[in-house]
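Quick one, structure for this:
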Amino acid sequence: MKARSLAFAFTLTLLAGCAARTTIAPPCHDCRDIDKRIKTGKVAGERLEMPKTAALFYRGKPGAVWSTDGCLLARADALIDALRKADIDGLNPTEYHLKALERLRKRWPDPADAAAPPDLVADMDVLLTDAYLFYASHLLGGRTNLEMARAQWSIIRKKADIVELLIGALSENQVPESLKPLAPPHAGYLRLRAALDRYRKLARAGAWPPIPEGPLLRPGDSDERVPALRRRLALEALAEPPALSTTTFDDALARNVKSFQATRGLRPDGRIGAETLAAINVSVDDHINQVKFSMDRWRWLPSELGKRYIVVNIPEFHLFAFQEGRERMAMPVIVGKNNDDTATPVFSNKMTYLEFSPEWNVPPRIALEEMLPTVQIDPGYLQRNHLEVLVSSRGAWTAVDPASIAWSSVTAVGSPYRFRQTPGPWNGLGQVKFMFPNDYSVYIHGNAEPGLFDRRLRTFSHGCVRVDRPINLARWVLNDPDWTLERLKKYMNQSKPITVPLGEALPVYLVYFTSWIDDEGRLNFREDIYGRDQEMRNRFYPAN
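Below is the predicted model:
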């Protein structure tokens with residue numbers, strides 16, 4: 001939107017009762033009053049959220065922009081109405097001075113009787129401007145303060161000059177319309193927005209009472225909890241609860257239980273055990289928060305993800321490969337353990353090369369804290385696991401005979417030794433690494449322990465992402481018919497690493513969504529494995 005001059009913008013249509021002006025020079029006190037309010041950072045009992053940005057906006061302006069000669073312009077009411085609807089996007093309208101603006105609006109005199117006094121004009125103008133800027137910043141980049149967030153989100157985010165955006169919106173008289181494009185355009189976000197509305201309706205209707213604890217429920221069982229269970233699962237599917245009052249756990253209910261379990265990442269056995277019952281009894285309010293948090297994380301992402309890209313959803317333990325907006329491949333993954341040192345970080349970067357038959361230079365902390373105690377008890381551990389021992393000599397690391405080392409005297413502090421695992425199926429990195437250089441030293445690689453993929457909660461790595469089918473992923477990433485399965489297998493079984501650069505860098509997004517809508521239209525939820533939802537709630541949504 002190309003901004004016209006604000007002087008032209010001020011000649012736009014006014015509210016009923018206000019005549020159009022051809023000259024709009026406001027009293028000079030408007031400028032002083034507005035500047036004073038911005039400098040103090042408080043207006044009508046409200047703390048300004050973006051005073052520096054508001055000062056930048058008003059620089060060079062002749063005075064009030066939301067009213068003229070004490071007469072409120074229509075766009076002021078249009079913005080207030082847009083703020084009332086902020087909850088549609090999981091945002092809190094009260095954060096945008098809504099209550100104060102509504103109070104000031106009630107004090108505004110009828111234009112047929114009198115013009116608004118200067119103090120009211122200045123209060124309303126500054127609050128409206130601050131509300132627009134703050135709301136726009138949340139739609140554009142998210143509600144949370146990313147500098148404080150423990151999630152370490154460092155994805156390249158959307159950018160826009162919200163000052164220029166507001167100037168253009170006023171110039172075109174398109175204030176609410178200018179805000180709409182700021183929300184994410186992605187289908188995943190739009191689906192969650194619809195789900196948020198549905199779940200809020202469930203909450204207003206009383207949602208669901210918890211199902212009492214009891215023995216394991218299986219198809220064919222009879223239990224007094226069955227009617228309540230039917231109703232709960234019908235609400236989950238947004239269907240009309242059945243009128244059945246029978247206490248028999250029939251086949252239809254078993255199918256609904258399996259569907260529910262699939263949306264929670266549980267084993268779909270159709271039975272109500274402790275895990276399934278706990279998932280059923282999560283409150284609708286908690287699920288509403290999960291949806292809101294995931295919507296906010298969508299706002300942290302770029303509007304354009306790329307023609308071909310990879311997404312790893314950490315709580316889902318899954319990797320997805322997309323092309324032209326469509327999912328082309330999916331596979332289970334293993335992510336970092338649940339602690340500050342090994343949790344998989346949330347960030348994005350571009351994959352630039354693959355390394356086949358990699359060596360694993362064991363990080364010093366892992367070598368000294370985890371491997372060294374084992375070696376001291378069982379020196380044969382090194383040979384069985386194809387680990388070389390390296391020592392620094394003249395600025396280079398060279399291999400030494402492990403038998404020449406008195407391991408019992410080696411201490412973790414100041415140890416001169418490092419471990420390196422040779423290429424092969426035993427290697428901790430698997431047989432291929434997918435490299436996207438980053439500050440976290442985190443990448444995607446294969447896995448030497450395939451049995452771990454049978455686990456439901458797969459938090460076993462030191463931060464990297466291990467994939468279940470690395471050869472399939474390598475073939476998709478290389479995107480070249482010359483890379484046949486036979487050629488890939490050959491490269492994955494060499495005695496030395498081989499680096500293969502990509503012709504075009506591939507965006508990779510490591511994300512943290514605990515709720516989403518699947519291709520069947522079902523709302524999915526996952527456990528907050530790293531407590532990041534809880535931290536968002538504590539820091540940024542304390543009233544929810």
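
quick one: the helices in the stretch 351-500 of the chain?
In the stretch 351-500 of the chain, the segments counted as helices under DSSP state H, counting those that start in this stretch are 364-366, 372-377, 380-384, 470-478, 485-491.

from these, which stretch is densest packed?
Of the helices of the stretch 351-500 of the chain, the one with the most neighbours on average (mean count of other CB atoms under 10 Å) is helix 470-478, at a mean of 19. Where C-beta positions appear, they are placed from N, C-alpha and C, glycine not excepted.

Reformat the helices of the stretch 351-500 of the chain as CSV; add distance to Thr344 and mean pLDDT.
Shown next, in CSV, are the helices of the stretch 351-500 of the chain (distance: least, CB to CB, whole Å; pLDDT from 0 to 100):
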stretch, distance to Thr344, mean pLDDT
helix 364-366, 16, 85
helix 372-377, 25, 90
helix 380-384, 27, 92
helix 470-478, 17, 98
helix 485-491, 26, 97
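
residues contacting Glu527?
Neighbour list for Glu527: 265, 315, 457, 514 [criterion: CB atoms under 8 Å, 6 or more residues apart in numbering].

If you could redo that for Glu49, that was the one I meant.
95, 130, 133-134.

Looking at those, which is nearest Lys36?
Asp130 (14.4 Å; CB to CB).

close enough to count as contact, that closest one and Ala100?
No. Using CB atoms under 8 Å, Asp130 is not in contact with Ala100; the gap is 10.3 Å.

Looking at these two, which is more packed in?
Each of Asp130 and Ala100 has its neighbours counted (other CB atoms under 10 Å); Asp130 has more, 25 against 18.

Then that one would be within a strand, right?
No. Judged by DSSP: H, G, I helix; E, B strand; the rest coil, Asp130 forms no part of a strand; its state is helix.

Pick out the most distant pair among the contacts of Glu49.
Across the contacts of Glu49, the longest distance by CB to CB is 12.3 Å; it joins Glu95 and Leu133.

Neighbour count for those two, which is higher?
Using other CB under 10 Å as the criterion, Glu95 and Leu133 rank with Leu133 on top: 23 against 16.

mind listing the helices for the stretch 101-250 of the chain?
Using DSSP H, counting those that start in this stretch, helices in the stretch 101-250 of the chain cover 118-141, 162-172, 175-179, 187-204, 226-236.

Deepest-packed of those helices, please.
Ranked by mean neighbour count, the helices of the stretch 101-250 of the chain are led by helix 118-141 with a mean of 23 (mean count of other CB under 10 Å).

For that one, what is the distance to the chain centroid?
Centroid separation between helix 118-141 and its chain, computed with CA atoms, centre = their mean, to the nearest Å, is 27 Å.

do stretch 105-122 as well
Here stretch 105-122 is found 43 Å from its chain centre; the criterion is CA atoms, centre = their mean.

Span of it from start to end?
Start-to-end span of stretch 105-122 (CA to CA, to the nearest Å) is 13 Å.

Next, the contact list for the nearest residue to Ile80 once chain neighbours are set aside, please.
Nearest residue to Ile80 in three dimensions, chain neighbours excluded: Leu101, at 5.4 Å (CB to CB, 6 or more residues apart in numbering). By CB under 8 Å, 6+ apart, Leu101 lies in contact with 80, 83, 124, 127-128, 131.

ok, now how distant is the closest residue to Gly142 other than its chain neighbours from Leu140?
Take Gly142 and drop its neighbours on the chain: the residue closest to it by CB to CB, 6+ apart is Arg299, 4.2 Å away. Using CB to CB, to the nearest Å, Arg299 is found at 7 Å from Leu140.

Over to Ala403?
Distance from Ala403 to Leu140, by CB to CB: 62 Å.

Quick check: Ile471 touching Trp483?
No. If you go by CB under 8 Å, Ile471 and Trp483 don't touch, sitting 10.1 Å apart.

Make sure Ile280 is actually in contact with Ile211.
Yes. Judged on CB under 8 Å, Ile280 makes contact with Ile211 at a distance of 5.7 Å.

shared neighbours of the two, which are they?
Residues touching both Ile280 and Ile211 (CB under 8 Å, 6+ apart) are 229, 232, 272.

Quick one: these as TSV, columns for distance to Pro176 and pLDDT too.
As requested, the shared contacts of Ile280 and Ile211 are arranged in TSV below (distance: CB to CB, whole Å; pLDDT from 0 to 100):
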residue	distance to Pro176	pLDDT
Leu229	44	94
Arg232	39	92
Ile272	47	97
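
what sits opposite the nearest residue to Val511 once chain neighbours are set aside in the beta ladder?
Leaving aside its chain neighbours, Val511 sits nearest to Asn313 (5.6 Å; criterion: CB to CB, 6+ apart). With beta bridges defined as DSSP bridges, Asn313 has these partners: His318, Val511.

quick one: contacts for Asn313?
Contacts of Asn313 (CB under 8 Å, 6+ apart): 320, 511-513, 516.

Redo those as JSON lines? Include neighbour count.
Below are the contacts of Asn313 laid out as JSON lines (neighbours: other CB atoms under 10 Å):
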{"residue": "Phe320", "neighbour count": "16"}
{"residue": "Val511", "neighbour count": "22"}
{"residue": "Tyr512", "neighbour count": "26"}
{"residue": "Phe513", "neighbour count": "22"}
{"residue": "Trp516", "neighbour count": "24"}
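
And these, which is closest to Leu192?
Nearest member of the contacts of Asn313 to Leu192, counting by CB to CB, is Trp516, at 7.0 Å.

which SS class is that closest one?
When classified by three-state DSSP, Trp516 comes out as strand.

In the sheet, which residues pair with it? Tell me.
Following DSSP bridges, Trp516 is listed with bridge partners Asn524.

and it, what is it in contact with?
188, 191-192, 294, 313, 316, 523-524.

ok, it to Met295 distance?
Here the criterion is CB to CB. By it, Trp516 lies 10 Å from Met295.

what residues are shared contacts of the two?
Contact criterion CB under 8 Å, 6+ apart; residues shared by Trp516 and Met295: Leu192.

Quick check, pLDDT for Ala3.
Per-residue pLDDT puts Ala3 at 36.

what's the answer for Glu147, then?
Looking at Glu147, its pLDDT is 41.

Ile288 now?
Ile288 is given a pLDDT of 95.

surely it meets Arg204?
No. Judged on CB under 8 Å, Ile288 makes no contact with Arg204 at a distance of 11.0 Å.

follow-up on the earlier one: any idea how far the residue nearest to Ile80 lies from Asp35?
20 Å.
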